[in-house]
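J.: how would this look folded up:
(one chain, ligands or ions: 1)
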Amino acid sequence: AAKIRRNNGRRKLPPGPTPLPVIGNLHQLTTLPHRGLQSLSKKYGPIMSLRLGQVPAVVVSSPEAAELFLKTFDTTFASRPRVQSSEYMSYGTKGMAFTEYGPYWRNVRKLCTLQLLSALKIESFAALRREDVASVVESLRASAAAREVVDISRKIGELIADMSCRMILGISLEDRNHLKELVHEAMFLSGAFNLSDYVPYLAPLDLQGYTRRMKKNSEAIDRVLEEIITEHERGTSEKGHRQKDFVDVLLSLVNQPMNPQDLEHLYIIDRTNIKAILLDMVAASFDTSAALIEWTFSELLKHPRVMNNLQRELERVVGMDKMVEEQDLEKLDYLDMVVKESFRLHPVAPLLVPRESMEDITIEGYFIPKKSRIIVNAWTIGRDPNVWSENVEEFLPERFVDKNIDLRGHDFRLLPFGSGRRGCPGVHLGLVNIRLVLAQLVHCFSWELPNGVETKDVDMSEKFGLSMGRANQLLAKPTYRLLAKTM
Ligand code: HEM
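T.: Purely as a prediction, here's the structure:
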């Protein structure tokens, strides 16, 4: 008996709420799971265990705990769960984001970071971004002249989607305007808590209808990607001399080893790999940066003082007689703090991307079985008063003054891009897009809320998803503010 007790003692799970039969704790996630989990972790602590249907899960909600899972024991937690969405919508996990840890994932990741997402590669698309942003400024100028109220959410969403489409697929969004909706649906389905993943014996019933939607969505996306790749192969998308997009880069590598340095694990790049990688890139770019820009804009409209400070900085650094250029961005310190503060309150991936543990492990005296789902609640960490003091709910960029808090995964208080070997490989691209678009729109225009809306009334409701954006569109009225000669 003593031996059994010792074993039990050693195998103590982290504290957590009692699971119900069949569904476990799924009902406690609520429609905004980052908030549902926050209230549970207040009660049970920063390392909490849940059962999601049949699947053991651990929810991590403090910087110290996040460091243990994402750094100290990173290798144990570097996998992703195999779920329906990754099967149906990542070509049987042939991409990067939802692929289990191992040589295949490592090779795809290497290929993408070297060939597609390197700083050099991203810089090479600066002219394209400049052109797209300028054309939105132009259209907003027309709205300003007509004293129109603008749907900022739509403008920003289309701008980011268009910049991403041109860089990745070599098409403008107008040519394939249903792609945005398709990718949006794919992101929703990848982020949804799908009962079929947690209670596998219910999967054939498809009670939420997600499986059906995934099949339909993946087929529609596949048709678009096939068309685009075929156009590239035939050279029909060639409009004179144009820059190589991601499709060109990947097609130039077809039939070659994915990683020439790793001949022990020989993966030859084929069409399915290319489609899966392109889908990952498009899905990761469309909604994430746009959501953060929208949230920041919402906060700026709610906080005219901060908007004002930002405009003063832009006047000083850039000047009122010209638009913002990418090389100005690194000089915009206040903008940098605004973006950090926005990520603190609105980490667009509030629960990051789920991890899965690869072996049994004991952490802080708690037993965590192999194949546990690991959920890092970055949203809760950003609002923890022990970390950020009492005014956590306040939008206050100045809290970052003289604090060396990085947002790329080195500081566990601020984790919008995750951390460690599964951390976001698109940080550089994401941040360039975010800073450029924000700086330009705030520099070129003054913004006011539509008639009758007061700053305190700006709606801040969230719509949960793998990428969490605003529930409703953000509306505002622009007035052009640069000296006229610039356009
Ligand atoms: C505001 C913009 C973005 C945010 C907030 C964001 C956030 C994240 C987060 C939280 C993760 C999971 C990290 C982890 O598990 O530790 C992730 C992974 C990933 N992100 Fe991003 N991301 C953004 C933009 C991008 C862009 C522009 C790309 C590429 C075009 C990208 C590509 C990826 C990929 C491929 C992964 C999976 C990495 C892996 O599993 O090895 N992301 N991102």
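J.: For the stretch 51-200 of the chain, what lies in contact range of the ligand?
T.: 96-97, 109, 117 (C-beta under 6 Å from any ligand atom). The C-beta positions use only the backbone N, C-alpha and C, and glycine is treated the same way.
J.: With the ligand in mind, check whether the lengthiest helix in the chain reaches it.
T.: Longest helix in the chain by number of residues (criterion: DSSP state H): helix 271-302. Yes - with C-beta under 6 Å from any ligand atom as the measure, helix 271-302 is seen reaching the ligand through 280-281, 284-285, 288-289, 292.
J.: what's the answer for stretch 461-471, then?
T.: No - Stretch 461-471 does not reach the ligand (C-beta under 6 Å from any ligand atom); its nearest approach is 7.4 Å.
J.: List the buried residues for stretch 170-177?
T.: For stretch 170-177, the buried set under the neighbour-count rule, 16 or more other C-beta atoms under 10 Å, comprises 170-171, 173.
J.: Let me know the closest of those residues to the ligand.
T.: Nearest to the ligand among the buried residues of stretch 170-177 is G170, at 14.9 Å by C-beta to the nearest ligand atom.
J.: helix, strand or coil for the closest one?
T.: coil (DSSP: H, G, I helix; E, B strand; the rest coil).
J.: That one and C112, how far apart?
T.: Applying C-beta to C-beta, to the nearest Å, the value for G170 to C112 is 17 Å.
J.: and if you look at L159?
T.: L159 is 24 Å from C112, by C-beta to C-beta.
J.: Check N217 too.
T.: For N217, the distance to C112 - C-beta to C-beta - is 23 Å.
J.: Could you do L140 as well?
T.: 34 Å.
J.: Using the three-state scheme, assign A161.
T.: A161 ends up helix, using three-state DSSP.
J.: Check Y101 too.
T.: coil.
J.: Quick one: neighbours of the closest residue to it other than its chain neighbours, just the number.
T.: Of all residues not flanking Y101 in the chain, S79 sits nearest, at 3.8 Å (C-beta to C-beta, 6 or more residues apart in numbering). A total of 20 residues lie near S79 under the criterion other C-beta atoms under 10 Å.
J.: again, but for the one 10 residues further on
T.: Other residues lying near M89 total 26 when counted by other C-beta under 10 Å.
J.: returning to that earlier point: show the subsequent helix or strand relative to the longest helix of the chain.
T.: Next helix or strand after helix 271-302 toward the C-terminus (DSSP states H and E): helix 304-317.
J.: If you count contacts, what does that next one end up packed against?
T.: With contacts taken as 3 or more C-beta pairs under 8 Å, 6 or more residues apart in numbering; DSSP states H and E, helix 304-317 sits against helix 271-302, helix 333-345, helix 427-444.
J.: any idea how far the residue nearest to I269 when sequence neighbours are not counted is from D74?
T.: Once flanking residues are discounted, I269 sits nearest to L253: 5.1 Å by C-beta to C-beta, 6+ apart. In this view, L253 and D74 are 29 Å apart by C-beta to C-beta.
J.: Contact partners for N194?
T.: 83-85, 208, 210 (C-beta atoms under 8 Å, 6 or more residues apart in numbering).
J.: Buried subset of those, written for PyMOL?
T.: The PyMOL command for the buried members of those (criterion: 16+ other C-beta under 10 Å) is given here:
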select buried, resi 83+84+85+210
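J.: Let me have the contacts of N194 in JSON lines, extended by secondary structure, distance to L263 and pLDDT.
T.: Formatted as JSON lines, the contacts of N194 follow (DSSP: H, G, I helix; E, B strand; the rest coil; distance: C-beta to C-beta, whole Å; pLDDT from 0 to 100):
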{"residue": "V83", "secondary structure": "coil", "distance to L263": "31", "pLDDT": "92"}
{"residue": "Q84", "secondary structure": "helix", "distance to L263": "34", "pLDDT": "92"}
{"residue": "S85", "secondary structure": "helix", "distance to L263": "32", "pLDDT": "91"}
{"residue": "Q208", "secondary structure": "coil", "distance to L263": "44", "pLDDT": "94"}
{"residue": "Y210", "secondary structure": "helix", "distance to L263": "40", "pLDDT": "95"}
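J.: what's the closest of the contacts of N194 to A276?
T.: S85 (13.0 Å; C-beta to C-beta).
J.: unless I'm mixing things up, that closest one is touching E185, no?
T.: No - at 11.0 Å, S85 does not count as touching E185 under the criterion of C-beta atoms under 8 Å.
J.: OK, contacts around the residue lying closest to T296 once chain neighbours are set aside?
T.: Nearest non-adjacent residue to T296, counting by C-beta to C-beta, 6+ apart: S342, 4.2 Å away. Residues in contact with S342 (C-beta under 8 Å, 6+ apart) are 292, 295-296, 299, 395.
J.: Among the contacts of N194, which one sits closest to R234?
T.: Nearest to R234 among these, with distances taken as C-beta to C-beta, is S85, at 31.9 Å.
J.: how far away is the closest one from the ligand?
T.: 14 Å (C-beta to the nearest ligand atom, to the nearest Å).
J.: Next: P369.
T.: For P369 relative to the ligand (C-beta to the nearest ligand atom), the value is 20 Å.
J.: For the stretch 351-487 of the chain, list the residues in contact with the ligand, please.
T.: So the stretch 351-487 of the chain meets the ligand at 352-353, 355, 416-419, 422-426, 429-430 (C-beta under 6 Å from any ligand atom).
J.: rerun at 5 Å
T.: Taking C-beta under 5 Å from any ligand atom as the test, the list of the stretch 351-487 of the chain residues beside the ligand reads 352-353, 416-418, 422-424, 426, 429-430.
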